[in-house]
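> give me coordinates for this.
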Amino acid sequence: AGARRRLPHLCGRDPQALDADGIARAVVESVAENTSDAVVGALVWGALGGVPGLVGFRAANTLDAMVGHKSPRHLRFGWAAARLDDVLGYPGARLTAVLAVLAGGHPRSAVRTWRADAAAHPSPNAGPVEASFAGALRLRLGGTLSYGGRVEHRPVLGASFPPPGVADISRAIRLSRRIGALALAVSVAVSAAVPAAAAAAGSAAGRARRARRSGPRSADQGGAR
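Residues are numbered from 1 along each chain as shown. Below you'll find the model as predicted:
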């Protein structure tokens, strides 16, 4: 009962329509998505764009969560927020999937499930993330969901694995933490490399400009001699 009351704080599914295993599946899937959106994606954009990149990404992600739905109320204008979130979330989702392969303990299962099932998911970003989590944890995710009384039939991810139970929630959280630690290391490396690459590019551009300016003078001087 306590888990059913708290579930709406984590995701938008109807808790009354779920049994214990259904709640566990909803939590595991939400942990996977939040790892990508709230942790890895934020670190990626923070590394690439600093504070403005981080704030912009989280703003787009929050806007999508608020209005990027297919309900009649939001369908006519929420698509723009959803598409923006898809574009900005692309690099973080792929990095999350890769790190799930590396950190999950079952790399072959994670890669196989990602390749086999991710494309069938309606979300271009949640598909790779949830599929890689399913394979890394060797759990069956996806299936029939209920949002605000509206039933969705989503593809099953990792059909050969057992469905998640309550004990698997802690496994998903531990995987999320490992992914977050790896993503932090990657973002630190990227944030250090970006200024160095920009400085190198600026130096190369400066040398090219100087070469273009000095080239004609050298030719004229050679002709005068």
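> in stretch 20-29, what counts as buried?
By neighbour count with 16 or more other C-beta atoms under 10 Å, stretch 20-29 contains the buried residues 22-29. C-beta here means a position set from N, CA and C on the backbone, and glycine is covered the same way.
> in helices only, show me those.
Among these, DSSP state H puts 22-29 in helices.
> so where's the longest helix in this structure?
Secondary structure of the chain per DSSP H: the longest helix is helix 167-224.
> I'd like to know how far the residue nearest the centre of the chain sits from residue 53.
Nearest residue to the geometric centre of the chain (C-alpha atoms, centre = their mean): residue 93, 2.4 Å. According to C-beta to C-beta, to the nearest Å, residue 93 and residue 53 sit 16 Å apart.
> got the contact list for the closest residue to residue 179 other than its chain neighbours?
The shortest distance from residue 179 to any residue other than its chain neighbours is 4.4 Å, reached at residue 99 (C-beta to C-beta, 6 or more residues apart in numbering). Going by C-beta atoms under 8 Å, 6 or more residues apart in numbering, residue 99 touches 40, 178-179, 182-183.
> how about low-confidence regions in this protein?
Within the chain, the segments meeting pLDDT under 70 span 1-19, 67-79, 146-151, 215-225.
> mind running it again at 90?
Scanning the chain for pLDDT under 90 picks out 1-27, 60-84, 122, 143-154, 166, 191-225.
> what about residue 97, how many neighbours?
Counted with other C-beta atoms under 10 Å, residues neighbouring residue 97 total 27.
> go on, residue 92?
Quick note: residue 92 (other C-beta under 10 Å) scores 25 neighbours.
> so it makes contact with residue 40?
Yes - with contact defined as C-beta atoms under 8 Å, residue 92 counts as touching residue 40 (4.6 Å).
> would you check which pair of the contacts of residue 99 lies furthest apart?
Pairwise distances across these (C-beta to C-beta) peak at 11.6 Å, for the pair 40 and 178.
> what about these two, which has more around it?
Set residue 40 next to residue 178 and count neighbours by other C-beta under 10 Å: residue 40 wins out with 31 against 18.
> the closest residue to residue 57 other than its chain neighbours: which element?
Excluding its sequence neighbours, the residue lying closest to residue 57 (C-beta to C-beta, 6+ apart) is residue 45, at 3.9 Å. Taking DSSP states H and E as the criterion, residue 45 maps to helix 41-67.
> just the buried residues of that helix, please?
41-47, 53-54, 57-58, 60-61, 63-64, 67.
> pull the most distant pair out of those residues.
47 and 67 (27.7 Å).
> helix, strand, or coil at the residue nearest to the centre of the chain?
Secondary structure, DSSP: H, G, I helix; E, B strand; the rest coil: residue 93 is helix.
> residue contacts, it?
Residues near residue 93 by C-beta under 8 Å, 6+ apart: 36, 40-41, 124-126, 128-129.
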